[in-house]
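Participant: Dropping a prediction and its sequence here:
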Amino acid sequence: MPDAGQRPRPALPPGTETSAAAGEGAAAAPANVNVSVSGISQVGAQPAGRSNGLAVAGFVCSLVALVMFWVPGLNFILWVLGIVFSAIGLSAARRHAAPHRGLAIAGLVIALVPGTLLLLVVFAVVIAAA
């Protein structure tokens, strides 16, 4: 029974719990809603989990190397970084069940294209100079 001056608590919907941290009489959010400090809720938001940043970095480096294949110095650096990061990201995805395995594979495949184009440009320059 509420004290005089207090309103009765509303019934809680199924799947909710009360939280002592939220204050007396306050209901917590349902289990599938994350409420931030600002009060904005995100339904179905996933908690921060494992990440595979090297796979993403390898994919991005490979894509930029593909677009910038006509700049030999930059292309070579991005090509090597794309292969290295993608290989490490693929290894991490296999070993630790990290996400973005597909990005690591795509980064390795895409890195072959600018690498081949780089070798063709260097070969053409050497032949033209001879």
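Facilitator: Sure thing, it's come through. Numbering: from 1, shown residues only.

Participant: CA atoms for contacts and neighbours, from now on please.
Facilitator: OK.

Participant: What are the boundaries of the strands in the chain?
Facilitator: 33-35, 41-43 (DSSP state E).

Participant: now this protein, which segments are flagged as low pLDDT?
Facilitator: 1-5, 9-49 (pLDDT under 70).

Participant: Can I get stretch 122-129 as CSV, trimmed to CA atoms?
Facilitator: C-alpha atoms of stretch 122-129 as CSV (Å, rounded to 0.1, in the frame of the first residue of the first chain):
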residue,chain,number,x,y,z
VAL,A,122,56.6,-1.6,-63.9
PHE,A,123,57.2,-4.2,-66.6
ALA,A,124,56.0,-1.8,-69.3
VAL,A,125,58.2,1.0,-68.0
VAL,A,126,61.2,-1.2,-68.0
ILE,A,127,60.5,-2.4,-71.6
ALA,A,128,59.9,1.2,-72.8
ALA,A,129,63.1,2.4,-71.3
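
Participant: Give the buried residues for stretch 97-117.
Facilitator: 98-115, 117 (16 or more other Cα atoms under 10 Å).

Participant: Show me those residues that map onto helices.
Facilitator: Secondary structure from DSSP state H places 101-115, 117 of these in helices.

Participant: Just name the closest of the residues you listed to residue 123, please.
Facilitator: residue 117 (9.7 Å; Cα to Cα).

Participant: Return the residues in contact with the closest one.
Facilitator: For residue 117, the contacting residues are residue 69, by Cα atoms under 8 Å, 6 or more residues apart in numbering.

Participant: rerun that using 6 Å as the cut-off
Facilitator: Applying Cα atoms under 6 Å, 6 or more residues apart in numbering to residue 117 gives no contacts.
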